[in-house]
Each structure stands twice: as structure tokens, then as C-alpha cells.
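Trainee: The following comprises the amino acid sequence and a computationally predicted model.
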Amino acid sequence: MSLKGAPQLKARVRALKLTFKGYGRTWADETAKQAKARIRQQGAVRTGRLLGSVRRKSATQKRATVVAHYTANFVDAGSKAHDIVPKKAKRLAWESGEGTIFAKKVHKRRISPRRFKAASAQAALRKYPMKATMLKLWNEAA
């Protein structure tokens, strides 16, 4: 028994296997763009380190990864109020514009969450729906 159109079907299935690589790259780039815009909009820019670190790390046939500086987690989820105490020394010390400052402990205030990670990823999915990419590749492959 033979199947009519078998080569075309094989070509279409092969094209679908490669769908995510190009789509993942587009989605990850748009997610990084959206995340940067949300960070700016929420006023989470003090030095620009976080903003400059948001980027696409990779896009393979199975997954796409967007990364940022580890402080992105604290901006996104916020943090509880807590005290910082020295572990091995008797005092904390740091440089300031006024000179060296010493303290036995420092109280860090609560940081409210400024959600941007999930919202950016979802906005990128809405802007570039995967279904349209799959249909385009399916139709072009035959």
C-alpha cells in the first residue's frame, strides 16, 4: 500500500519539528523587549544594570530562555523586611560619599513586588501567536 502525497506530508512534519526554533527566538526577543519596557515603566531603574542584563540566552528546537541579572527576581517578587548582620566580623563596613561607614547591623525595608516577568512573556505570546507560525510553515513546506 502506498500513500499519495507521502513526500509532501514528510516535508510538512519535518517543518513542524523546526517550528519552535525560529518562533522561540522571536518570542524570546519580544519577551526581553517587553520586560525592559515594563522595568522602565515601573521605575525600577537606578543604575541600569538590570535593564542592560535582560536578553535572550538561547533558542533551541525545544525551548527558549530569557535571562537577567539575579536582582530581577527581587524586583519581580519583592522582599520582606530583614536585618543584615555580619557573619564573621564584628561590624559591617562600606564606602559612601561621606567616607567609610561602620554598623553592627543594617535594617532593609520591605520591597514591594513589581511584576514584569510573567506579564512580559504572556504579552509576547499574544503578539506572536505560535499557531500562525505553525500554519505558515505547514503551508510553505508542501
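Mentor: Thanks, I have it. Model, not experiment: these values are computed from the prediction. Numbers count the residues shown, from 1 in each chain.
Trainee: Contacts only, for the residue positioned nearest the centre of the chain.
Mentor: Centroid-nearest residue in the chain: Val66, 3.8 Å away (criterion: C-alpha atoms, centre = their mean). Residues touching Val66, when contacts are defined by C-beta atoms under 8 Å, 6 or more residues apart in numbering, comprise Ala28, Thr31, Ala32, Ala35, Val54, Arg55, Arg56, Lys57, Ala121. All C-beta spots, glycine's among them, are computed from the backbone N, C-alpha and C.
Trainee: what are the phi and psi angles of the nearest residue to Val106 once chain neighbours are set aside?
Mentor: Beyond its immediate neighbours in the sequence, the residue positioned closest to Val106 (C-beta to C-beta, 6 or more residues apart in numbering) is Ile84, lying 4.6 Å away. In this entry, Ile84 is assigned phi and psi values of phi -110, psi 120 (degrees, to the nearest 10).
Trainee: One more: Ala119?
Mentor: Backbone phi and psi, for Ala119 under degrees, to the nearest 10, turn out to be phi -60, psi -40.
Trainee: Tell me, how many residues neighbour the residue nearest to it when sequence neighbours are not counted?
Mentor: If the residues on either side of it in the chain are set aside, Ala119 comes closest to Arg38, at 6.5 Å by C-beta to C-beta, 6+ apart. The burial count assigned to Arg38 is 19, neighbours taken as other C-beta atoms under 10 Å.
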